[in-house]
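In: Any chance you could fold what I've pasted below:
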Amino acid sequence: MTAAASTAPGRTDRRYLMCEPVHYTVSYEINPWMDKTRYTDADLAVRQWRTLRDTYLDLGHTVETIDPIAGLPDMVYAANGATVVDGVVYSAAFRYPERQPEGPAYQKWFAGRGFVTHTAAETNEGEGDLLAIGDVILAGTGFRTERSAHAEAQELFGRPVISLELVDPHYYHLDTALAVISSTSASPQVAYFAPAFSAGSRAVLEQMFPDAILATERDAVALGLNAVSDGENVVVAPGAV
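Out: Model (predicted):
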């Protein structure tokens, strides 16, 4: 539910952008986890969100917030709103119409706070599919973000972008199938769920990260890879602990 607004390599203090889920509900279905016939407890979501926010604060990080917009329940997933690398913002351009207004809302927030922003021409879903690690960017495709966005991001950020093909619709964003544990160039580390990736992408991950943590299906189903790490502390979903 968070997006890193900026990070400093080798440090653990970070700035996170969050969106309080006051409008959270499941009013449409765009992935296998969503079921609009099930009851959604927005009050519980807010309490859980505040616990997560307080966890980041207790770890010494800075948390900033964007105002939630009625009718955009998935805006709470702030990591999807943009990709931020070295203070440069690559706006999200969502695949599904239900989420498309989120991209401009997040871009406006960043621009209003002095960030250099770039309006995406290609379909991408922010840090849901674009994860910086070391001097490269791991980029998911297959369900939401187009490969053409990988090329656009590479030109914008000036970092090599490694394309990874997702093949299981339950893991439609890269950050549901892979977590960056350490992003330093000296000791990059990831955890990932191998069956979520194509054979070729698994081979790439094995070559790049021979000491990676291999998640179990139980971890993956609990969305344990949709985690946040500051290099020393990893915040994960309770069901994956």
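
In: Could you check the pLDDT of the closest residue to residue 76 other than its chain neighbours?
Out: In space, and not counting its chain neighbours, residue 76 is closest to residue 21: 4.0 Å by CB to CB, 6 or more residues apart in numbering. To be clear about C-beta, it is placed using only N, CA and C from the backbone, and glycine gets the same treatment. Residue 21 carries a pLDDT value of 98.

In: low-confidence ranges in the chain?
Out: 1-12 (pLDDT under 70).

In: For it, which segments count as strands?
Out: 2-7, 14-18, 62-65, 82-85, 88-91, 116-118, 130-133, 136-141, 161-165, 178-182, 189-192, 213-214, 228-229, 234-235 (DSSP state E).

In: so of the ones you listed, which one's packed in deepest?
Out: Comparing the strands of the chain by mean neighbour count (mean count of other CB atoms under 10 Å), strand 82-85 ranks first with a mean of 26.

In: partners of that strand, with directions?
Out: Partner strands for strand 82-85, per DSSP bridges, with pairing direction: strand 88-91 (antiparallel).

In: With respect to residue 207, which of the strands of the chain lies nearest?
Out: Judged by CB to CB, the one of the strands of the chain that comes nearest to residue 207 is strand 161-165, at 10.4 Å.

In: Against which helices or strands is the closest one packed?
Out: strand 136-141, helix 147-157, helix 199-208 (3 or more CB pairs under 8 Å, 6 or more residues apart in numbering; DSSP states H and E).

In: Pull the residues that contact that strand.
Out: 130, 136-142, 147, 150-151, 153-154, 174, 178, 197-198, 200-201, 204-205, 208 (CB atoms under 8 Å, 6 or more residues apart in numbering).

In: Who does it pair with, and is each partner parallel or antiparallel?
Out: strand 136-141 (parallel).

In: coming back round to it: in a markdown table, list the strands of the chain along with distance to residue 51.
Out: Converted to a markdown table, the strands of the chain look like this (distance: least, CB to CB, whole Å):
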| stretch | distance to residue 51 |
| --- | --- |
| strand 2-7 | 13 |
| strand 14-18 | 12 |
| strand 62-65 | 12 |
| strand 82-85 | 24 |
| strand 88-91 | 28 |
| strand 116-118 | 31 |
| strand 130-133 | 24 |
| strand 136-141 | 28 |
| strand 161-165 | 31 |
| strand 178-182 | 20 |
| strand 189-192 | 23 |
| strand 213-214 | 25 |
| strand 228-229 | 13 |
| strand 234-235 | 10 |
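
In: Could I get the buried residue list for the helix ranked longest in the chain?
Out: Criterion DSSP state H: the longest helix present in the chain is helix 42-58. Going by neighbour count (16 or more other CB atoms under 10 Å), the buried part of helix 42-58 is 45, 49, 52-53, 56.

In: Which of these sits closest to residue 170?
Out: The closest of the buried residues of helix 42-58, once distances to residue 170 are taken by CB to CB, is residue 45, at 20.9 Å.

In: Look through this protein and report the residue furthest from the middle.
Out: Among the C-alpha atoms of the chain, the one most distant from their mean position (CA atoms, centre = their mean) is that of residue 37, at 26.2 Å.

In: sorry, back to before: distance check, the residue nearest to residue 76 against residue 128.
Out: 17 Å (CB to CB, to the nearest Å).
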